[in-house]
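S.K.: return atomic coordinates for the entry below.
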Amino acid sequence: MVDPKSINSDTFNRHFTKNKEKTLQADQTLPLISLLLFAFGSNLPLGYIRETTRKFSPLWFLLIHASIPFIIVLRITLGFNWCWIPLTLGCAVAGQIIGARIRKKRDA
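M.R.: Prediction:
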């Protein structure tokens, strides 16, 4: 049995973290915030424009997927692995939804 007092943060990270690449280092905070803001911000105007197009048209698909290659390049350039894809994808979807809602409110 392990004495709970003998476990410090290094011991915890070494034994209970399956993939050490998933942990965020202190110097990666600003690049991560910039990646997430880019994913969100680049999709705001795309969602805004997408709201006026016919659903499932080629332009609709283009507006949904236009930012993805740029987000991938930025993610790889900043040194983030595949574990951060769900978070960047969530920010991109949020940008699309909020951009569309802004358009709906403006047109209403």
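S.K.: going forward, measure contacts and count neighbours with C-alpha atoms only.
M.R.: Will do.
S.K.: residues in contact with the closest residue to residue 42 other than its chain neighbours?
M.R.: Among residues not flanking residue 42 along the chain, residue 67 sits closest, at 6.6 Å (Cα to Cα, 6 or more residues apart in numbering). Going by Cα atoms under 8 Å, 6 or more residues apart in numbering, residue 67 touches 39, 42-43.
S.K.: could you check how many residues crowd around the nearest residue to residue 87 once chain neighbours are set aside?
M.R.: Leaving aside its chain neighbours, residue 87 sits nearest to residue 36 (7.7 Å; criterion: Cα to Cα, 6+ apart). Residue 36 has 21 neighbours, counted by other Cα atoms under 10 Å.
S.K.: got the contact list for residue 36?
M.R.: Contacts of residue 36 (Cα under 8 Å, 6+ apart): 87-88, 91.
S.K.: mind checking which of these are in helices?
M.R.: Judged by DSSP state H, the contacts of residue 36 include 87-88, 91 as members of helices.
S.K.: and which of these is nearest to residue 107?
M.R.: Nearest to residue 107 among the ones in helices among the contacts of residue 36: residue 91, at 24.3 Å, using Cα to Cα.
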